[in-house]
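1. When you get a sec, could you give me coordinates for this:
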Amino acid sequence: MSRRFLRPFNTILKIITLPPMDLPLLKRELLELAQRRRTYALRGLVWLVFFVVFLIAYLSVTSHTTRVMQVLGRGSQITEVLFVTLMLTIYVLNPAMACTAITSEKERQTLGLLIVSKLTPSGIVAEKILSHMLPLGTLLLIATPLFAVAYLFGGVSMADTLVGLFILLSTTLQVTTIAVFCSALLESGIAAFWCTYLILAVVYFTLPIMRELHMIRLDISTLPDEEFLLFPVYQLAMLIDMRRELSTILLLTIPTFLITGCLAIAARFAVIKYSYGAAFSFARQFQTLNRGWNQWRRRLWNRRLWNQRPVVQQNSGSRAESVAAAADANEADQDAILKQSRLIDQPIAWRELRGRLVGSRTLQSIFIGGVVFLTWLLMSANQNDKEEISAVMSIGFLVVAVLLILSVSCRLFATERERQTLDALLTTPMSNRELLSQKLRGVHRLLLLLLIPVVLLGLLNLFQTDVRVYTPVIRNGAVSGYPGYGRTTVYVYQGQWWSVAFRFLFCAASCTWVYLHLAKWVAVYWGLQLHTQMKAMLASILSIAALCLIPLLITTGCLIAGDNNPDDFPFFFFMSPAVIPCLNEVHELHEVYRRNWIPDSEWVVVLINLAVYGALTLTLRSFVLHQVPRLLNRPEVAAPVAIQST
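-> Numbering: from 1, shown residues only. Purely as a prediction, here's the structure:
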């Protein structure tokens, strides 16, 4: 056999036997990921949620059918539910999983070693993005059999499913790239976590806010609501609408890839510039601003003292001495106030209260004023959508408040472990309960601070929207034994408005108070259980998401399987902590007690909700306090008796 004849086969053999692309960092990341038990636990939990969601969608499709032929063509409904669930999973899990991609290397002081190795900065960024995309890619792989079952029902084509998966994949790539960029830019995983959501909010909602404020004008005749063009959820909605060509939907993904590419390039330069621990620090920048503000305030105070001086003849020397004396007196007063505020009997509480978010009145005022002013501005610019804007801002702020409490609470002990200061902290002569109580002082102050915007947003809702009251009335066609409900709008000059307003504010504030305490104890437990702050944060987010979704999904599945509705089982509305606050924001609490045995009173609904989640919070608190000695590996000790000095 001639060599010329064997040459093509030799070429094919060489191509097949080429060594794989050398990606050492990706290989290391995947090996570390495969050795963690939480990887498989997370996949199992997400698969369980997907299966429950799929089962509920399947039961809702087949519950009212008696023949198999009636189900055919309804697979699109199941596909839509799976798409929405996957999109929500990406935005909840991906930032928490990818925001430590570069910060973990900085904390281990290995990023500089990666830079001086054969790996290029572009390669580091690319491998980090790919390694943190794979966990979410496996979730798409897990959901593939469920999409196949929906495809068998009909009503959805293979091309529609593939385009939807492509949109989800592009969303995963974008969120991961933004998280890696923030991780390269900032100094800690928590800062990168918050910065990721901030950049996502700026990218997605800048155009809609500018459109609502009439600052820009967009007019794309072929697309409705074109201001949400940069939001991947908008692309998915266009696909679910099924009235758009697939080529048009694929064109909508181009801005997503452009933004992703720009942020990937920015991440590459951030890795180069901040590889040796010189990352941009919000803490240092805020301290600089705070120092400048204190200096300006001190100068203003000194000028006020100088203007209030007695008018006497003084020479230049005595004048300078008086100014110096006034400045010394001012500094002495400030030192005295500072010493009084240091809580000398509670040094750990004083240490926790020095935090920037809980100790800076300037930052708190900016935070509260910004939220309230933005809500008022949007409501003033849109007279027809005031109620929707108020509800979205209030519920969105509640979500942000829960995340803030989670991030602050889970760091109480996890950060001590990361800094290797926990052993020194445990040598303090106080009991475990007293130690935990002092560590929580900063969280409690932050919790009280977060109640202020809740009340202010509630007042905006009451004064800017129509307050409705529902009263039982006799209507034709009403369910036997249960009355109908008539809607009446009440105004400020009516006495009933004040009772409704008080109930509305009480429900909003009390639900926020109970839910934030519940989130606090969840985060405290995981902060004690796990060794790093981001692990505790991810576990806390998953726990809160499971509490909000799993009981509600299971109850929904049981109701659908039994051919019932929520009116037959009113406790359905209390299966998730998110239901009652949402109904309260739109003044629809009557949906809970209509057509069932609950008394016709919104106060009863509010008190039942508080009883359920208040009892859950107290139970979790008792459990955490009982587990503190074991989690800290420190038996309970009594507080030492003070020794009198001789």
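2. As a check, name the ranges of all strands in the chain.
-> 467-473, 484-490 (DSSP state E).
3. Let's see the last one as CSV, backbone CA atoms only.
-> Only the C-alpha atoms of strand 484-490 are listed here, as CSV (Å, rounded to 0.1, in the frame of the first residue of the first chain):
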residue,chain,number,x,y,z
GLY,A,484,-69.4,39.1,47.2
TYR,A,485,-67.3,42.2,47.8
GLY,A,486,-67.8,45.7,46.6
ARG,A,487,-64.9,48.1,46.1
THR,A,488,-65.0,51.6,47.5
THR,A,489,-62.3,54.3,47.3
VAL,A,490,-61.8,56.3,50.4
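4. which one is L26 nearest to, not counting chain neighbours?
-> The shortest distance from L26 to any non-neighbouring residue, by C-beta to C-beta, 6 or more residues apart in numbering, is to E127 (4.4 Å). Using the backbone N, CA and C atoms, a C-beta is placed for each residue, glycine as well.
5. for R468, same thing?
-> Per C-beta to C-beta, 6+ apart, closest to R468 is H587, 4.9 Å.
6. so that neighbour sits right up against F504, yeah?
-> Yes: between H587 and F504 there is a contact under C-beta atoms under 8 Å: 7.4 Å.
7. hey, what's in contact with both of these two?
-> Taking C-beta atoms under 8 Å, 6 or more residues apart in numbering as the criterion, H587 and F504 both touch V467.
8. Would you enumerate the residues in contact with P566?
-> L559, F572, F573.
9. Mind checking which of those residues land in helices?
-> Judged by DSSP state H, helices contain the following of the contacts of P566: L559.
10. Need the contacts of P566 in TSV (columns: pLDDT, neighbour count and distance to L538).
-> Putting these into TSV (pLDDT from 0 to 100; neighbours: other C-beta atoms under 10 Å; distance: C-beta to C-beta, whole Å) gives the following:
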residue	pLDDT	neighbour count	distance to L538
L559	80	19	31
F572	84	21	29
F573	86	22	29
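11. Tell me the one of the contacts of P566 nearest L446?
-> F573 (29.3 Å; C-beta to C-beta).
12. Test my guess that the closest one contacts V579.
-> Yes: between F573 and V579 there is a contact at 5.0 Å, judged by C-beta under 8 Å.
13. circling back: who are the neighbours in contact with the residue nearest to L26?
-> L23, L25, L26, E29, L119.
14. how about those, which pair is most distant?
-> Most distant of the contacts of E127, by C-beta to C-beta, are E29 and L119, 12.6 Å apart.
15. Thought R594 was touching L583, still the case?
-> No: under the criterion of C-beta under 8 Å, L583 makes no contact with R594, lying 11.8 Å away.
16. From I178, how far out is A101?
-> A101 sits 11 Å away from I178, going by C-beta to C-beta, to the nearest Å.
17. got the contact list for W194?
-> Contacts of W194 (C-beta under 8 Å, 6+ apart): S407.
18. cutoff 10 Å now
-> W194 makes contact with P95, C99, C182, L186, S188, F282, V400, L403, L404, S407 under the criterion C-beta atoms under 10 Å, 6 or more residues apart in numbering.
19. Can you pull the phi and psi angles for the second one?
-> Summarising the backbone geometry of C99 under the convention degrees, to the nearest 10, its torsions are phi -70, psi -10.
20. residues near it, how many?
-> 31 (other C-beta atoms under 10 Å).
21. circling back: what do F573 and V579 both touch?
-> In contact with both F573 and V579: L552, P566, E591, V592, N609, using C-beta under 10 Å, 6+ apart.
22. so what sits against both of A101 and I178?
-> A192, A267.
23. before we move on, the earlier item: specify which member of the contacts of E127 is nearest to T110.
-> Using C-beta to C-beta, the contacts of E127 come closest to T110 at L25, 10.5 Å.
24. residue nearest the centroid of this structure?
-> L403 (4.7 Å; C-alpha atoms, centre = their mean).
25. And that residue, how close does it get to L218?
-> 31 Å.
26. about what we covered before: include pLDDT when you put the shared contacts of F573 and V579 into TSV, please.
-> Shown next, in TSV, are the shared contacts of F573 and V579 (pLDDT from 0 to 100):
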residue	pLDDT
L552	85
P566	75
E591	80
V592	82
N609	91
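27. Looking at those residues, which is nearest E387?
-> Nearest member of the shared contacts of F573 and V579 to E387, counting by C-beta to C-beta, is E591, at 15.5 Å.
28. Tell me, how many residues neighbour the residue nearest to the closest one when sequence neighbours are not counted?
-> Closest residue to E591 apart from its sequence neighbours, by C-beta to C-beta, 6+ apart: L583 at 6.1 Å. Applying other C-beta under 10 Å, we find 20 residues neighbouring L583.
29. I figured L583 hits Y593, correct?
-> No: with contact defined as C-beta atoms under 10 Å, L583 does not reach Y593; the gap is 11.0 Å.
30. if I look at the two, which residues touch both of them?
-> F573, E602, V605.
31. Identify, from the shared contacts of F573 and V579, the entry nearest to F463.
-> E591 (23.9 Å).
32. how far away is L422 from C582?
-> From L422 across to C582, the span is 40 Å (C-beta to C-beta).
33. So for these two, which sits in the more crowded spot?
-> Counted by other C-beta under 10 Å, L422 and C582 do not tie: L422 has more neighbours, with 17 against 14.
34. Distance-wise, check that one relative to D600.
-> Applying C-beta to C-beta to L422 and D600 gives a distance of 54 Å.
35. quick one, phi psi at N633?
-> According to degrees, to the nearest 10, the main-chain angles of N633 amount to phi 50, psi 50.
36. And the average pLDDT for stretch 89-108 is what?
-> The average pLDDT within stretch 89-108 is 83.
37. all numbers from here: first residue = 52
-> Let's use 52 as the start, then, which means that last one is stretch 140-159.
38. That one: end-to-end distance?
-> Stretch 140-159 has an end-to-end distance of 29 Å (C-alpha to C-alpha, to the nearest Å).
39. In it, which residues are buried?
-> Within stretch 140-159, the residues that count as buried by 16 or more other C-beta atoms under 10 Å are 140-141, 144-158.
40. what do you get for stretch 673-680?
-> Buried, per 16+ other C-beta under 10 Å, within stretch 673-680: V675, V679.
41. which residues touch that stretch?
-> Here stretch 673-680 has contacts from 464, 482-484, 486-488, 571-573, 575-576, 579-580, 682, 685-688, using C-beta under 10 Å, 6+ apart.
42. Now, of these, which are buried?
-> 464, 482-483, 486-488, 571-573, 575-576, 579-580, 682, 685.
43. in the stretch 402-551 of the chain, which spans are helices?
-> 407-410, 412-432, 437-469, 473-477, 483-490, 492-515, 546-580 (DSSP state H, counting those that start in this stretch).
44. Go through these and find the least confident stretch.
-> Among the helices of the stretch 402-551 of the chain, helix 407-410 carries the lowest mean pLDDT (a mean of 58).
45. A452 against L501, yeah?
-> Yes: between A452 and L501 there is a contact at 4.6 Å, judged by C-beta under 10 Å.
46. if I look at these two, which residues touch both of them?
-> T563, L567.
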